[in-house]
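> sequence plus the predicted model coming up.
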Amino acid sequence: MRRIGGTLTAGKWQGAASDVVVLDYDARHRRRTVLRCLSGREVLLDLAVAVHLHDGDALQLDDGSYVEVRAAAEPLLELRTASAAELTRLAWHLGNRHVAAELGDGWLRIRPDHVLADLAVRLGATVESVSAPFEPEAGAYAAHAHPPQRAP
């Protein structure tokens, strides 16, 4: 089994990947585990410390080749409000509860939670179930996480 001993952030590696691994948010934060690639082969992720991987990152195999990381779509709740002020208020309430949230242009995405969905509705938000990759904000104290890769 090939061993992965290093990672490169999206846009910092060149060439074609020899394989692809599709991982949900939780599976993209590991130190040591066996990963199954789209080709069916298994590779051993064996890092010195856990890192959070993002869509487009690369895992470097012991032979120098790369496995590209793709973020899997997963069930999420997309929260929208009528104004930026209401969205800011909703974000504050979610942050006060230490909820992992992805911020977009006019929306917040969180993992499904009926209590939080009810809170959002009571604060004036619409709640829609969506399926998308989850890239929540790393947080101010996430020293070892690199920021999400956003399109310009």
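Sure, I can see it. Numbers count the residues shown, from 1 in each chain.
> please report phi then psi for V121.
Dihedral pair for V121: phi -60, psi -40, per degrees, to the nearest 10.
> who does the helix or strand encompassing G5 touch, helix- and strand-wise?
According to DSSP states H and E, G5 maps onto strand 2-8. On a contact count with 3 or more CB pairs under 8 Å, 6 or more residues apart in numbering; DSSP states H and E, strand 2-8 meets strand 42-52, strand 58-61. C-beta coordinates here come from the backbone N, C-alpha and C atoms, glycine included.
> any idea how far G15 is from the residue nearest the centre of the chain?
When CA atoms, centre = their mean is applied to the chain, the residue found nearest the centroid is E135 (3.3 Å). For E135, the distance to G15 (CB to CB, to the nearest Å) stands at 24 Å.
> residues contacting E86?
Listed by CB atoms under 8 Å, 6 or more residues apart in numbering, the contact set of E86 reads 123-125.
> let's see it at 10 Å
80, 123-125 (CB atoms under 10 Å, 6 or more residues apart in numbering).
> okay, it: pLDDT?
In this model, E86 is scored at 97, pLDDT.
> same thing with H144?
Confidence score, pLDDT, at H144: 46.
> could you do the one 4 residues further on as well?
At P148, the predicted lDDT confidence score is 44.
> hmm, which two among the contacts of E86 are most spread apart?
Across the contacts of E86, no pair lies farther apart than R80 and L123, at 11.6 Å, counting by CB to CB.
> which residues do those two both contact?
Joint contacts of R80 and L123 (CB under 10 Å, 6+ apart) are 86-87, 90.
> which of the helices or strands spans W92?
helix 84-96.
> residues of that helix that come out buried?
87, 90-91, 94 (16 or more other CB atoms under 10 Å).
> just put those residues in CSV and tack on distance to R36.
As requested, the buried residues of helix 84-96 are exported to CSV (distance: CB to CB, whole Å):
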residue, distance to R36
L87, 38
L90, 37
A91, 36
L94, 33
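> tell me the SS of L103?
Following DSSP: H, G, I helix; E, B strand; the rest coil, L103 is assigned to strand.
> and it, how far is that from T7?
Per CB to CB, L103 is found 24 Å from T7.
> more neighbours: the two, which one.
Counted by other CB atoms under 10 Å, L103 and T7 do not tie: T7 has more neighbours, with 21 against 14.
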